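Enquirer: Need the 3D shape of this:
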Amino acid sequence: MSRIRSLFPSSSASESIRIGEILRKETVGGILLVACAVVALVWANSPWAETYFAVRDFEVGYEPWHLRLSIGAWAADGLLAIFFFLVGLELKREFVSGDLRRFSTAVVPIVAAVGGVAVPALIYLAVTAGSAEASRGWAIPTATDIAFAVAVLAVIGSHLPSALRIFLLTLAVVDDLIAIGIIAIFYTETVEVVPLLLALGVIAVYGTIAQLYRRFFRLRPTAAWFILLPIGLVAWALLHASGIHATIAGVLLGFTVPVLHRRADRGEDAGPGLAEEFEHRFRPLSAGFAVPVFAFFSAGVAVGGADGFASAFSDPIVIGIIVALVVGKPLGITAATWIITRIRRIDLDPALRWIDIAGVGILAGIGFTVSLLVAELSFAAGSAAADHAKVAVLTASVVAAALASVLLGVRNRRYRRRRDQDR
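Expert: All right, here's what the predicted structure looks like:
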């Protein structure tokens, strides 16, 4: 009989430290994210709502380069590229030196993420069956907002096992990868070949410079701003002109940044690699500015008072998104995890229970940032469908956060009591 392996094996000390650092930073970013969304909602439904929409829809930029965009579009296409750049860095680090580099540890979160994407999409399509317009939003409830989810976990999960935290982060990273693929494949109507080839060429130049001079950029923080950033902006503009969503440029650029040192530079005192160094430098910009600003311009929806809010819930789009995120996410993640552990003969970590996995599944129902972005890509700007989709994403995220806080809060107290008894 083959030896039964453990699910979520203990990570190295450096991995645990890295996870802790991400948790602390994302907590602040999650709070700012929620605060900006609340301010936008209040402003968009106040007597001064016209000023909010005037600012959001104000266009600026150079038209011949296809860059005359509204402020809201600049936030979605431009600022959010910073967030996706960090996603690219995190993905590459996980595949090169993290838990995803080994099939034995990668298979569970990958399958769990696939289940957490497929089941919500199927539930949404079942609820909205018969409406061609509504079906375009099938990808809205497939995403997980890592900043929001990790912020909730950090607040209520101080005594939860580290394996559970690592599972959430790894799951969210794979979820982001799937969301990136969905945006690139299903939300690209036409592709301009010449700008696309030029963009890929510029990205290759960016990666070559980053690879050849990794030590230089690691030791001189300002060099990246003056050398790599302009190249990245050119790549972003070309990819935007190609018809592919410009945030994909951030992911591709992140993929080119080296994770490890050159062999000659490796040693105990070598310090972090360039990808980790960039992550530390740019995460505050993403969590503290780019994502909150995007949330501010994306979450502002004129609900129309209590009557408008109530009428929105008669729309299958709203029902489908809420059910898919709140019910479909935990169902898909938990079921997929259970199936793969049975197939691969993997046991849960002794410190965990299946109810903990279900709690993380509920937490993953917080769609927010990427779900709002997909909602904007799915429906025409300013349409009732787009506004209803955003209302649904915000509502589902709040409900998922509340339910996860209750369940994981109970589990956190139990783990704390157990730890106190063992002392």
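Enquirer: Any idea how many residues pack against Tyr187?
Expert: Close neighbours of Tyr187, defined as other CB atoms under 10 Å, add up to 16. The C-beta positions use only the backbone N, C-alpha and C, and glycine is treated the same way.
Enquirer: how far away is it from Ser378?
Expert: When CB to CB, to the nearest Å is applied, the distance between Tyr187 and Ser378 equals 8 Å.
Enquirer: Residues that sit against both of the two, list them.
Expert: Common contacts of Tyr187 and Ser378 (CB atoms under 8 Å, 6 or more residues apart in numbering): Ala139.
Enquirer: how about the helices in the stretch 301-423 of the chain?
Expert: Here the stretch 301-423 of the chain has its helices, by DSSP state H, counting those that start in this stretch, at 305-312, 316-323, 329-344, 354-363, 368-378, 384-422.
Enquirer: what helices or strands is the third one leaning on?
Expert: In this case it means helix 329-344. Under the contact definition 3 or more CB pairs under 8 Å, 6 or more residues apart in numbering; DSSP states H and E, helix 329-344 sits against helix 103-127, helix 354-363.
Enquirer: Pick the most buried one from those.
Expert: When those are scored by mean count of other CB atoms under 10 Å, the highest mean neighbour count falls to helix 354-363 (a mean of 24).
Enquirer: And it, how far out from the chain middle?
Expert: Distance, stretch centre to chain centre, for helix 354-363: 18 Å (CA atoms, centre = their mean, to the nearest Å).
Enquirer: now the angle from it to helix 329-344?
Expert: Interaxial angle of helix 354-363 relative to helix 329-344 (axes from the mean of the first three to the mean of the last three CA atoms, to 10 degrees): 140 degrees.
Enquirer: how many degrees apart are helix 354-363 and helix 103-127 in direction?
Expert: Here helix 354-363 runs at an angle of 60 degrees relative to helix 103-127 (the same axes, to 10 degrees).
Enquirer: mean confidence score for helix 354-363?
Expert: The pLDDT scores in helix 354-363 average 91.
Enquirer: Which other helices and strands does that helix contact?
Expert: When contacts are defined as 3+ CB pairs under 8 Å, 6+ apart, helix 354-363 packs onto helix 146-156, helix 162-186, helix 329-344, helix 384-422.
Enquirer: Kindly reformat the helices of the stretch 301-423 of the chain as CSV containing distance to Pro195.
Expert: CSV is the format used below for those (distance: least, CB to CB, whole Å):
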stretch, distance to Pro195
helix 305-312, 38
helix 316-323, 33
helix 329-344, 36
helix 354-363, 39
helix 368-378, 19
helix 384-422, 27
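Enquirer: of all the ones you listed, which lies closest to Gly243?
Expert: helix 368-378 (12.4 Å; CB to CB).
Enquirer: Below-threshold pLDDT in the chain: ranges please.
Expert: By pLDDT under 70, the low-scoring segments of the chain are 1-27, 263-271, 304-309, 348-349, 422-423.
Enquirer: And the contacts of stretch 371-384?
Expert: Residues from elsewhere that reach stretch 371-384 (CB under 8 Å, 6+ apart): 76, 80, 133, 136-137, 139-143, 145, 179, 182-183, 187, 245, 247, 294-295, 298-299, 315, 321, 325, 385-386, 389-390, 393, 397.
Enquirer: Would you mind giving me the ChimeraX syntax to select the buried ones in these?
Expert: For the buried members of those, the matching ChimeraX selection, counting by 16 or more other CB atoms under 10 Å, is:
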select :76,80,136,137,139,140,141,142,143,145,179,182,183,187,245,247,294,295,298,299,315,321,325,385,386,389,390,393,397
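Enquirer: on that earlier part again, would you mind putting the helices and strands packed on helix 329-344 into TSV with distance to Gly29 alongside?
Expert: Shown next, in TSV, are the helices and strands packed on helix 329-344 (distance: least, CB to CB, whole Å):
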stretch	distance to Gly29
helix 103-127	21
helix 354-363	16
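Enquirer: Out of these, the one nearest His66 is which?
Expert: Across these, closest to His66 is helix 103-127 (CB to CB), at 30.9 Å.
Enquirer: Now do the strands in the stretch 1-150 of the chain.
Expert: For the stretch 1-150 of the chain, applying DSSP state E, counting those that start in this stretch gives strands covering 5-6, 59-60, 69-70.
Enquirer: Mind putting the helices and strands packed on helix 354-363 into CSV with distance to Gly88?
Expert: Compiled in CSV, the helices and strands packed on helix 354-363 are given as follows (distance: least, CB to CB, whole Å):
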stretch, distance to Gly88
helix 146-156, 13
helix 162-186, 8
helix 329-344, 23
helix 384-422, 24
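Enquirer: Glu63 is nearest to which of the helices of the stretch 301-423 of the chain?
Expert: Short answer: helix 368-378, nearest of the helices of the stretch 301-423 of the chain by CB to CB, at 21.1 Å.
Enquirer: Give me the distance from the closest one to the chain's centre.
Expert: How far helix 368-378 lies from its chain's middle: 11 Å, per CA atoms, centre = their mean.
Enquirer: what about the nearest residue to Phe296 once chain neighbours are set aside, how many neighbours?
Expert: Spatial nearest neighbour of Phe296, chain neighbours left out: Cys36 (4.1 Å); criterion: CB to CB, 6 or more residues apart in numbering. Neighbours of Cys36 under the rule other CB under 10 Å: 20.
Enquirer: now swap in Glu63 and tell me
Expert: Using other CB under 10 Å, Glu63 has 9 neighbouring residues.
Enquirer: Could you check how far it is from Ile31?
Expert: Remark: distance between Glu63 and Ile31 (CB to CB) = 38 Å.
Enquirer: Ala172: what's its closest spatial neighbour, skipping adjacent residues?
Expert: Ile146 (4.1 Å).
Enquirer: which residues touch that neighbour?
Expert: Ile146 is in contact with 26, 169, 172-173, 175-176, counting by CB under 8 Å, 6+ apart.
Enquirer: which of those residues count as buried?
Expert: Neighbour counting by 16+ other CB under 10 Å classes 26, 169, 172-173, 175-176 among the contacts of Ile146 as buried.
Enquirer: so can I have CSV of these showing distance to Ala106?
Expert: Shown next, in CSV, are those (distance: CB to CB, whole Å):
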residue, distance to Ala106
Glu26, 22
Leu169, 13
Ala172, 14
Val173, 10
Asp175, 14
Asp176, 15
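Enquirer: Closest one of the residues you listed to Gln421?
Expert: Set against Gln421, the nearest of the buried ones among the contacts of Ile146 by CB to CB is Leu169 (28.4 Å).
Enquirer: Right, I'll call it a day here.
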